[in-house]
Structures are given as C-alpha cells and as structure tokens.
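**Student:** let me see the structure of the following:
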Amino acid sequence: MAMQFYTSPEQIMRDRAEFARKNISRGRNVVVLSCADGVLLVAENVSSALHKVYELYDRIGLAAVGKYNEFEILRTGLVRMADLRGYSYDRRDVNAASLAKAAAQTLGGIFSEQTKPFEVEICVAGVGARPEEDELYRLTFDGSINDEPGYFAMGGAAEELGEVLGEGHDFEAPLAEAFALALRALSSDGGNGTRRELTTDVLEVAVLERARPGRAFRRIEGLALEALMPRAESEAEPDPEAASGDGEAPDPEES
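**Tutor:** From the prediction side, this is the model:
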C-alpha cells in the first residue's frame, strides 16, 4: 500500500502566500495618492494594449499589479456588481468600500480554496468631496484589505516608494505637484540612491477629478501628460554666464 504524504494546512498556506508574494514582487510599480484636485493613479506600464489603471464606476477607480488576466477577472466582476447595484437601487449606493469588500471576499476564497492563488494586488479608490474623505483600499492576494491614509504604492519596490511618498505627500498639493512626487517615487525604486529616467511612453496616468460632476475618471495622456512631465535641468535652470557671454553687460557699440 502506497504511503500517503501529509502537508499541514499551515504549510500549504505559507507556500501559497510565498508563491503569490514572490511573483507580485516582479511586477512594475503603481502609486496612488490623494491631492487637492482628486485621486491620482500612476503606473509604470510598458504595454500600450494592456492597462493597469481603470474606471470602475462614476467616482471609483482601480489600479493593479500582478498577472493581467487575473486582475482583469476581478475588474470585470466589480464593474458588473457596480452596474447592477446602481441600476437596481441608486448610483449613490455604489461606493468604493462595498466594491473593495466584494473583491476581498473573492480573493480570500480563491486563496483558501484553490490550488493557486491570484498573483495580484489591487487598489480600489474613491474620490470624496475633500481630500481627507478620499477612500483608498489596498487588497492583497489573500483577501486582506487595508484603508490607506492618503497614499501608498504597490509592486516590487512598494516599501521604498512608500517612504518617498510619506516624506512629500500633501493633501492640499495640486495635481502637478502630486504627479511630480509620484514620478520621483517611481524613478527611485532602485534603493541604491540612483534614479531612473521615466518617459511618457512607460507611464500610465489617470485621475479621479474631485470637481468633475458625474464620471470623475480621466486618463492623462498625450500632450496633457507631456505638460505634467518635469523639464530637463538644462531648460529649468539656464546658465547665467551662457546667457550673458562672460558675465558682463555687452557694449551696445560692439553689436
């Protein structure tokens, strides 16, 4: 008679968690933060066909890292749930908290019941009347849900990015300053003091606009994104000596 191998439930859960955590850490980073103009979602994304930032409902958005096909399953389920609830009752009954709890139940069930957990980490964000009223819910692969205080990062360098965001985050900052902070965090994820240069073709940016009635989600791309990108140092800080030759005022008679 063949011997039956036994693995404790604790070991199975640890193995699943390690598997999901390791694969999620390979994903490119995402930053979500509240500012005066709304909730900003910035993702490092080299693909022009697959998105990591989405609209869920009128004033609710989604950002995700991990396997695209798996968080797409979650996204489509949340969209259907939001549409059904808004149609059956009232659009104001759809909020970020209820969608985040539904997603957490789905992730928790898959983690405990399926052989392989979802390799995803997502944010369900809702914009409020004031920055302090914004809802940022972080959901991990095992169904855990956390209410984040105004900012957080996801991906392989989430801890390092979170430190940068914590040092510079301001609820009253305008959109341009919030984007500059997000870009500074994303470009410093090496952890060794060096910075990477990020361009518009590797960034996916969207905002839930606070003052926009109805559907608040807006993608920032093209010329609008280029306008937010910081200028090169040579353009931002012109050399005063180069502007005036040798530093002395030119003689009008020598023109």
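
**Student:** partners of the closest residue to F217 other than its chain neighbours in the sheet?
**Tutor:** Distances taken as CB to CB, 6 or more residues apart in numbering put E55 closest to F217, at 3.7 Å, once the chain neighbours are dropped. Just so you know, the C-beta spots here come from the backbone N, C-alpha and C atoms, and that holds for glycine as well. Taking DSSP bridges, one finds G61 as the beta-bridge partners of E55.

**Student:** what separates E55 from T199, distance-wise?
**Tutor:** E55 sits 25 Å away from T199, going by CB to CB, to the nearest Å.

**Student:** just to revisit the earlier point, mind checking pLDDT for the residue nearest to F217?
**Tutor:** For E55, the pLDDT comes out at 97.

**Student:** for stretch 124-136, buried residues please.
**Tutor:** For stretch 124-136, the buried set under the neighbour-count rule, 16 or more other CB atoms under 10 Å, comprises V124, A125, G126, V127, G128, P131, D134, E135, L136.

**Student:** oh sorry, the question was meant for stretch 100-108
**Tutor:** A100, A102, A103, A104, T106, L107, G108.

**Student:** so the fifth one sits in a helix?
**Tutor:** Yes: according to DSSP: H, G, I helix; E, B strand; the rest coil, the state of T106 is that of a helix.

**Student:** I figured it hits G77, correct?
**Tutor:** Yes: look at T106 against G77 with CB atoms under 8 Å: they come within range, at 6.8 Å.

**Student:** could you report the neighbour count for the residue nearest to F217?
**Tutor:** For E55, the neighbour count with other CB atoms under 10 Å is 18.

**Student:** what sits against P213?
**Tutor:** Applying CB atoms under 8 Å, 6 or more residues apart in numbering to P213 gives no contacts.

**Student:** quick one: which helix or strand includes it?
**Tutor:** Under the criterion DSSP states H and E, no helix or strand holds P213.

**Student:** looking at the buried residues of stretch 124-136, which two lie furthest apart in space?
**Tutor:** Among the buried residues of stretch 124-136, the pair separated by the greatest distance (CB to CB) is V124 and P131, at 17.3 Å.

**Student:** dump the buried residues of stretch 100-108 into CSV; add pLDDT and distance to V31 as well.
**Tutor:** Shown next, in CSV, are those (pLDDT from 0 to 100; distance: CB to CB, whole Å):
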residue, pLDDT, distance to V31
A100, 97, 18
A102, 96, 24
A103, 97, 20
A104, 97, 21
T106, 97, 24
L107, 97, 21
G108, 96, 25
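
**Student:** of these, closest to V32?
**Tutor:** A100 (12.8 Å).
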